[in-house]
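J.: kindly return the folded structure for what I paste below:
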Amino acid sequence: MPNQPTFVFVHGAFANSFSFAPLQAELGLLGHRSVALDLPGHGFEATYAAAYQAPQDLAALAAEPGGIKGVTLADNAARVIEVLERAKENGPTILVGHSRGGATITAVGNARPDLIDRIVYVSAWCPVDLPVGDYYAEPEMAGVDPGAFAAALVGNPAELGLLRVNFRTAAPEPLAAMKQAFAADLTDDEFRNFLNTFQPDENLDVGTPADRAQAATWGRIPKTYVRLSDDTSIPLAMQDRMIREADALTPDNPFDVGTLEGSHLRWLAHPKPAAELLATLTAR
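T.: Okay, the predicted model is just below:
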């Protein structure tokens, strides 16, 4: 249908396009088209060491190279720009980022605001006053468990040139920590389902001060922030802080704000409310 917006979804850390499939189904049933992309080194581009399979060899896994080594935020932004250029040929685009994907869509908004008709953050990092990494030291993040992945971390990130997490662990402690951080309101089966869509490796680069939101480019795009009320990995206080910072940067173009109930991952596992909320954006 001419001029029908296309939703373009950008995943977060260790995730991929697969996690958006239930949400895309709900949007499709509401009559909306969408694309979920894989950032470089994700999805079918991911590398899985044989040592990650069962039975696992954690010593070998700790030293095995990974294809995502060296991937940068600029590489991620370039991938999204390629997709937006194609989608834009068919009408307006609504760019949606989740979690760490917020850093990517911010970089895209800085570089190519002409390709985006609305930019949407779903409990996603929107760096304005600080680079993404620096927000973790702020008071709003004081209650976040910095070790949620630590017990399942494999290898030395400095030596591997990437982050590697053993999502196939059966150890109760790291599983409990990850569930509490990302999916406390999901059943154990739903949570383990999510873990089995994650890939073990993630790149290290989340950007520099130069990758913060820029008023002259990013700041002119209509924007929406969807808060997740029970998120314990990016707490509501931090989500609200990023909204305030962005509104101060572009007071004539503030965030349109919505809220979904649930944890960091619930909106993807139970996507009907999210699809209904996103569908309203096509008329704005």
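J.: gap between Pro22 and Leu265?
T.: Separation of Pro22 from Leu265 (Cβ to Cβ, to the nearest Å) stands at 11 Å. Yep, even glycine has a C-beta here, placed from its N, CA and C like the rest.
J.: and these two? Which one has more around it.
T.: Neighbours were counted for Pro22 and for Leu265 using other Cβ atoms under 10 Å; Leu265 has more, 27 against 17.
J.: that one touches Ala181, doesn't it?
T.: No: Leu265 is beyond contact range of Ala181, at 9.8 Å (criterion: Cβ atoms under 8 Å).
J.: which SS class is Arg164?
T.: Here Arg164 is recorded as strand under DSSP: H, G, I helix; E, B strand; the rest coil.
J.: distance of it from Tyr48?
T.: 11 Å.
J.: between those two, who's got more neighbours?
T.: More crowded of Arg164 and Tyr48, by other Cβ under 10 Å: Arg164, with 25 against 13.
J.: mind listing the residues bridging to that one?
T.: Beta-bridge partners of Arg164, counted by DSSP bridges, are Asp201.
J.: tell me how far it lies from Leu204.
T.: Distance, Arg164 to Leu204, using Cβ to Cβ: 11 Å.
J.: which neighbours do the two have in common?
T.: Contact criterion Cβ atoms under 8 Å, 6 or more residues apart in numbering; residues shared by Arg164 and Leu204: Pro157.
J.: for the residue of the chain most remote from its centre, which residues are in contact?
T.: In the chain, the greatest distance from the average C-alpha position (Cα atoms, centre = their mean) is reached by Pro55, at 30.3 Å. For Pro55, no contacting residues are found, by Cβ under 8 Å, 6+ apart.
J.: let's verify it: helix, strand, or coil?
T.: Going by three-state DSSP: Pro55 is coil.
J.: cool, thanks, talk later.
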